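Engineer: Show me how the following folds:
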Amino acid sequence: MDRPGRRGLLLTLAGVVALAALVIAVPPLRDAVTNVVSGDAGELRRELRDLGAAGVLVLAGLMLVHAVVPFPSELVNAAAGFVYGFWVALPLVLAGWLLSALVTYAIGRSAARPLLLRLAGEERLEEGARLVERGGVTALLAARLVPIVPYSAVGYVAGAAQVPLWRFAWTTVVGSVPLCAAVVYLGQRLDSLSPTDPGVLVAVGAFLLLLVGGRMLAQRVKRRERTAT
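Structural biologist: Modelled structure (predicted):
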């Protein structure tokens, strides 16, 4: 590993250590991380509600932690919708997930790339970069629209493949809107969730459409790659 790559790796490790120290030093954030990792959605909602305005900072901290600790992002989105309501929660989670995505991009650019060069070799990494480049906006949007694609992994790969930062940022926001909106709305209606509620039906329908549409976009990217080769 060359000196810039080693420096990037050390900076990334220092950032992870600093984030871990923050979680340990701030009890509400530590409790929130414990709740999402264990899948205790009810306790997370109760904590955010009891914290009041300070819960927004805990919410932002959770999304930053997600850059290095995987957990279901839907738990955070639904809790935000339940506590703050749809119109406040949606911009909050979109901003938070963008910040988290930028952190994963930075990790991919500075640390993941040198590691991938060692593990996979330069040829394979460049092949992956070409795939992302050929897929372009479609590939990045598909990665965000498909709910089963790990959120952080997209940032790692995009950073390692040196996708332009602006393209990565705006496709992250645009691609995240449909799923975030559906989950935040469902979270808002948890107290009165009803299968006959038109809003709930629309949100569930949107989630299913994302599964189908995201897969169609992914297949389109694969067809484009086969055609290019």
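
Engineer: what stretches of this protein score poorly on pLDDT?
Structural biologist: Within the chain, the segments meeting pLDDT under 70 span 1-6, 8, 112-135, 147-149, 192-204, 206-207, 210-229.

Engineer: now with 50?
Structural biologist: Low-confidence segments of the chain (pLDDT under 50): 120.

Engineer: thought G175 was touching T138?
Structural biologist: No. Assessed by CB atoms under 8 Å, G175 is found out of contact with T138, at 10.4 Å. Where C-beta positions appear, they are placed from N, C-alpha and C, glycine not excepted.

Engineer: more neighbours, these two?
Structural biologist: Neighbour count, other CB atoms under 10 Å: between G175 and T138, G175 has more, with 22 against 15.

Engineer: The more buried one and V184: what is the separation?
Structural biologist: Distance, G175 to V184, by CB to CB, to the nearest Å: 15 Å.

Engineer: same deal with V76?
Structural biologist: 10 Å.

Engineer: what is in contact with these two at once?
Structural biologist: Residues within reach of V76 and of V184 at once, by CB atoms under 8 Å, 6 or more residues apart in numbering, are V93.

Engineer: so T104 touches A67, yeah?
Structural biologist: Yes. Assessed by CB under 8 Å, T104 is found in contact with A67 at 5.0 Å.

Engineer: what's the overlap in contacts for the two?
Structural biologist: Common contacts of T104 and A67 (CB under 8 Å, 6+ apart): S152, G155.

Engineer: what's around R167, how many residues?
Structural biologist: Residues lying near R167 (other CB under 10 Å) number 14.

Engineer: Return the set of buried residues in the helix or strand where it lies.
Structural biologist: Using DSSP states H and E, R167 sits in helix 165-188. In terms of neighbour count (16 or more other CB atoms under 10 Å), helix 165-188 has its buried residues at 168, 171-172, 175-176, 178-188.

Engineer: Closest to D40 out of these?
Structural biologist: Distance ranking of those against D40, using CB to CB, places G187 first at 14.8 Å.

Engineer: so who does the closest one touch?
Structural biologist: For G187, the contacting residues are N77, A78, A79, A80, G81, F82, A89, by CB under 8 Å, 6+ apart.

Engineer: what's the last one in contact with, if anything?
Structural biologist: Just to be clear, that refers to A89. N77, A80, G81, V83, V184, G187, Q188.
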